[in-house]
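Participant: Return atomic coordinates for the entry below.
(chains A and B)
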Amino acid sequence: MDDKNSLKFDKLEMLGISKLFPGVKALDKVDFEIKGGTIHAIVGENGAGKSTLIKILAGVYRKDEGQIKIDGKEIHIASTIDAKKLGISVIYQEFSIIPELSISQNIFLGNEVSRKVNFWLNKNEMHKKSIEILKNLNIDINPKSKLGDLTVGEQQLIEIAKAINSDAKLIVMDEPTSALSDVEKEQLFIIIRKLVSQGLGIIYITHRMKEIFEIADSVTVMRDGKKVGDYNISEVNEDKLVKLMVGRELGDIYQREKGSIKGKIVLEVENLNRTNVFSNISFNVKEGEILGIAGLMGSGRTEIARCIFGMDRYSSGKILLNGKEVKFTHPFHAISNGIGYVSEDRKIFGFIPLMDIKENLTLPSLKWISFLGWVNLRFQLKIAKEYSHKLDIKSQLTQKVGSLSGGNQQKVVLGKWLARNPKVLILDEPTRGIDVGAKSEIHKIINQLAKENIAIIMISSELPEILGVSDRIIVMHEGEITAEFDYKEASEENIMKAAVGLHKSNL
Amino acid sequence: MDKDQNTLTEKKNRNQALSRYPKSLSLIFIIILLFVIFGVINNNFFGITNIINIFRQTSVLSLISIGMALIIIDGGFDLSVGSNLAFGGAIGAMVLTLTGSSWLSMLAILLTCTLMGTLNGVAVGVLNINPFMFTLAASALARGLTLGLMNAQSVGVTGKALLWLGDAQIGIIPVVMIFVVIVYLVFYFILRRNMFGLKIYAVGGNIQAARASGINTKMIVTSTYILTGLLVGIGSIVTVGRLASVQPWAGVGLEFDVITAVIIGGVSLRGGEGTMLGTFLGALTIGILINGLSFMAIDPFFQYIIRGFIIIIVVLIDNIMHTNRSSAY
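Facilitator: Predicted coordinates for the structure are as follows:
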């Protein structure tokens, strides 16, 4: 079966790859290898470094350290064009197709140059070739139809056809089945197997454990920017993989003093639904309690938070504040009712970059520090000073927030909600993109807030954080709650299992 | 190590942030420079009469620049100010002819222009229609209606009340000059210390974060257009006062001068930035330019070309100055 002549390449190696971003070492001397004619999966938590690794292969990022070799020869990937020329093709979760163009035009997007016949694009030639590619892949789609008319699954197949057309030797697929039906998934697998029999290599990234065992030959586990190990698929099972993905020493992680007496239920969510986003969500939070919501990115956690906060609408269900049902249609209502939301992406939702610290800190509080519309500047300064001090924001109040470090920015965002004396505080990835020192400062602050009887919901993709800070943890997977744990019962393993859908327990 | 890097960057940015009005300072230099240049070319430029004239000529531009500044700060655009000004005048002339009352006429002008502003505001702020497209269309509509209503002919005005704002003087100081300064002061304080003003900066700086902070962003954006409408109405009255008539072609090209003035004055096309002082100086700069050029007896066509050039340069500079705006992290 291993006919070397039919392989598109023998071996692609990534040796000692490191990549540094401000404050974060995304990849730490990672070694990775894939042989032609095989399907190799990569697994790891969010932030483990998988997508950074493949973006380096794709030419989107440049490596800081290390070498990449194809068949023993070192190659340099300085741009996406280089990657393409070398035969590396990446299919991302978000496609790069143009809906209004026809299929053959899409397949040739970026490659029209090489198919030109005297300056004008040779449409017939492109069309003929498209039919050929599609037939070869057993894809039953009319090449003349517009791409926008196809289902997501079909569009994805066109993406693959596009990759083939650029003479790909290695195709990287990032969460390829997230938008596919079971039938389409099977079709995809058949095509993948066919490609592999033609000598291509496939790197397959997914969180869906079952699929890895269906399709892959081997798997690499990554964690915290490092490679944990490479395994033949026969050497491992789902449980073992999860263990490898999360196994780490809990040493440096902030451990909160827990188990203190909690007050009454402040916020309750009953059977909340938002079509195609989340379903059947029910949970509650008590005064002084920190409820952690774990799960992978895209599992619907932020969406729930936004609905509670009045930023988005939901389809059905109830939200109760102190026992009374509430329906917020604008964040202003939620704020007036004592709810604060520290959003996931602070750059987009968190602060006004051109305004200074004191202005940002007091923005949601304007109504309450103004008289007849005129802001009481002394009041404003007083509140700004108070919360700047409380959160230890290391900067002058006149400094524009856009120029602060990530940690300080996050403190400003936190501070502005604290200034509202909220009863419920929702934190969405509160320490994302923040250096270790500032992280623990923020954890301490969160702890202090719980002591002041604020009900806290903390959404986080970082397991150590969830485990270290939460009193109770619920786990979400693809829009549903799959598990609930008390802090004593929780472990990285059982949270991760629930997050990838392996462990469904009823509440 | 990362912490040191952080504080280093913060220090660097702090120096940039400290100077609150760097642009206004350089603007004052430019104004003085222009003054000297034009003055050297023609001595009459320096005369007190001329200086007062400049203020008077720039009054409409200055007033409407306030509104345009707010609109652009919040990421919008209003290409209909010129036509709305004329349209207000047209309705005013109609009311004047029908009722003979100056006061009713003034009221009609104000209402009409504010209404047009509201139309813009609802379209852009509530319905999310592209401001460029909508106000362009509104501009065509307003101009068309104006010409139709007035049969493309001007209407003389003699009512004292109507002419007062644009024409009256206290000693040698035109009333309108004082008025402009007062309005600027009012808006200066609003932007600095009023909830409304802060919300305008917030919406302009980051509309999503503003909404997430509980600000009714639709209302804020809509109100910038309504306010501008009101200011256009006042501008229309001033224009009538200055010309002692209602002109169907009033305000043609006004929007370009206003936008230029506003951008010269430091309002960024990217939104979120701008001051009343800067806008005032920007309007003054344009005013001096126009006045000075007319002194040079240059062909009016050429004047347009020069003004066009200035807009291009100003936008380019704005682009360069604001490229490093995005936050470091």
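Participant: Quick check: closest non-adjacent residue to B:Phe189.
Facilitator: B:Gly197 (7.9 Å; Cβ to Cβ, 6 or more residues apart in numbering or on different chains). C-beta coordinates here come from the backbone N, C-alpha and C atoms, glycine included.
Participant: how far away is the one you found from B:Thr158?
Facilitator: 40 Å (Cβ to Cβ, to the nearest Å).
Participant: can you check B:Ala86 too?
Facilitator: According to Cβ to Cβ, B:Ala86 and B:Thr158 sit 20 Å apart.
Participant: Name the residue in the two with the higher neighbour count.
Facilitator: B:Ala86 (30 against 10; other Cβ atoms under 10 Å in any protein chain shown).
Participant: And the host helix or strand of B:Ile72, what does it pack against?
Facilitator: B:Ile72 belongs to helix B:48-73 when assigned by DSSP states H and E. Packing contacts for helix B:48-73, counted by 3 or more Cβ pairs under 8 Å, 6 or more residues apart in numbering or on different chains; DSSP states H and E, involve helix B:81-99, strand B:173-174, helix B:175-193, helix B:195-205, helix B:217-243, helix B:254-264, helix B:276-295.
Participant: That one to helix B:276-295, inter-axis angle?
Facilitator: Note on geometry: by axes from the mean of the first three to the mean of the last three Cα atoms, to 10 degrees, helix B:48-73 and helix B:276-295 are set 130 degrees apart in direction.
Participant: Do any residues in stretch B:201-220 lie close to chain A?
Facilitator: Yes. Residues of stretch B:201-220 contacting chain A under Cβ under 8 Å from any Cβ of the partner chain: B:201-202, B:205-206, B:208-216.
Participant: most surrounded residue in these?
Facilitator: Tallying neighbours with other Cβ under 10 Å puts B:Ser213 at the head of the residues of stretch B:201-220 next to chain A, with 29 neighbours.
Participant: What's the mean pLDDT across the helix holding B:Ile72?
Facilitator: In this model, helix B:48-73 has a mean pLDDT of 92.
Participant: same question, stretch B:111-119
Facilitator: Taken as a whole, stretch B:111-119 has a mean pLDDT of 97.
Participant: in chain B, which helix or strand is least confident?
Facilitator: The helix or strand of chain B with the lowest confidence, counting by mean pLDDT, DSSP states H and E, is helix B:2-18 at a mean of 44.
Participant: Which SSE is immediately downstream of that one?
Facilitator: Following helix B:2-18 in sequence order, the next helix or strand is helix B:22-41 (DSSP H and E).
Participant: what comes up buried for that next one?
Facilitator: Neighbour counts using 16 or more other Cβ atoms under 10 Å in any protein chain shown place B:23-24, B:27, B:30-31, B:34-35, B:38-39 of helix B:22-41 among the buried residues.
Participant: Against which helices or strands is it packed?
Facilitator: Using 3+ Cβ pairs under 8 Å, 6+ apart, helix B:22-41 is in contact with helix B:276-295.
Participant: Grab the nearest non-local neighbour of A:Glu344.
Facilitator: A:Asp428 (4.0 Å).
Participant: A:Ile348 is in contact with the one you found, correct?
Facilitator: No. Because the distance of 11.7 Å does not satisfy Cβ atoms under 8 Å, A:Asp428 is recorded as not touching A:Ile348.
Participant: neighbour count winner among those two?
Facilitator: Applying other Cβ under 10 Å to A:Asp428 and A:Ile348 shows that A:Asp428 carries more neighbours, namely 23 against 13.
Participant: Pick out the residue closest to the middle of chain A.
Facilitator: The residue lying closest to the centre of chain A (Cα atoms, centre = their mean) is A:Met297, at 4.0 Å.
Participant: Would you mind giving the secondary structure of that residue?
Facilitator: What DSSP: H, G, I helix; E, B strand; the rest coil gives for A:Met297 is coil.
Participant: What residues does it make contact with?
Facilitator: A:46, A:461 (Cβ atoms under 8 Å, 6 or more residues apart in numbering or on different chains).
Participant: From A:Ile304, how far off is the residue nearest to A:Glu344?
Facilitator: 10 Å.
Participant: Please apply the same query to B:Ala93.
Facilitator: Distance, B:Ala93 to A:Ile304, using Cβ to Cβ: 59 Å.
Participant: Could you do B:Tyr184 as well?
Facilitator: As judged by Cβ to Cβ, B:Tyr184 and A:Ile304 stand 48 Å apart.
Participant: hmm, back to that, including distance to A:Lys451, could the helices and strands packed on helix B:48-73 go into JSON lines?
Facilitator: Formatted as JSON lines, these follow (distance: least, Cβ to Cβ, whole Å):
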{"stretch": "helix B:81-99", "distance to A:Lys451": "56"}
{"stretch": "strand B:173-174", "distance to A:Lys451": "64"}
{"stretch": "helix B:175-193", "distance to A:Lys451": "36"}
{"stretch": "helix B:195-205", "distance to A:Lys451": "32"}
{"stretch": "helix B:217-243", "distance to A:Lys451": "35"}
{"stretch": "helix B:254-264", "distance to A:Lys451": "51"}
{"stretch": "helix B:276-295", "distance to A:Lys451": "46"}
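Participant: okay if I get the ones you listed as CSV plus mean pLDDT?
Facilitator: Conversion of these to CSV gives the following (pLDDT from 0 to 100):
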stretch, mean pLDDT
helix B:81-99, 94
strand B:173-174, 88
helix B:175-193, 94
helix B:195-205, 94
helix B:217-243, 95
helix B:254-264, 91
helix B:276-295, 88
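Participant: what about B:Ser245, how many residues close to it?
Facilitator: Applying other Cβ under 10 Å, we find 17 other residues in the vicinity of B:Ser245.
Participant: and if you look at the one 5 residues further on?
Facilitator: B:Ala250 is flanked by 25 other residues according to other Cβ under 10 Å.
Participant: Excluding residues flanking it in the chain, which one is nearest it?
Facilitator: Of all residues not flanking B:Ala250 in the chain, B:Ala86 sits nearest, at 4.4 Å (Cβ to Cβ, 6+ apart).
Participant: Surely that neighbour and B:Gly253 touch.
Facilitator: No. Between B:Ala86 and B:Gly253 there is no contact under Cβ under 8 Å: 11.5 Å.
Participant: What segments of the stretch 1-150 of chain A are helices?
Facilitator: For the stretch 1-150 of chain A, the helices defined by DSSP state H, counting those that start in this stretch cover A:50-58, A:80-85, A:103-107, A:112-115, A:123-136.
Participant: out of those, deepest packed?
Facilitator: Mean neighbours per residue, mean count of other Cβ atoms under 10 Å in any protein chain shown, is largest over the helices of the stretch 1-150 of chain A for helix A:103-107, with a mean of 25.
Participant: pLDDT of that one, averaged?
Facilitator: Averaged across helix A:103-107, pLDDT comes to 70.
Participant: what does stretch B:312-329 give?
Facilitator: Average pLDDT, stretch B:312-329: 60.
Participant: coming back round to it: let's have the residues of stretch B:201-220 next to chain A in a markdown table, adding distance to A:Asn237.
Facilitator: Below are the residues of stretch B:201-220 next to chain A laid out as a markdown table (distance: Cβ to Cβ, whole Å):
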| residue | distance to A:Asn237 |
| --- | --- |
| B:Tyr201 | 57 |
| B:Ala202 | 53 |
| B:Gly205 | 52 |
| B:Asn206 | 48 |
| B:Gln208 | 44 |
| B:Ala209 | 46 |
| B:Ala210 | 50 |
| B:Arg211 | 47 |
| B:Ala212 | 44 |
| B:Ser213 | 48 |
| B:Gly214 | 50 |
| B:Ile215 | 52 |
| B:Asn216 | 54 |
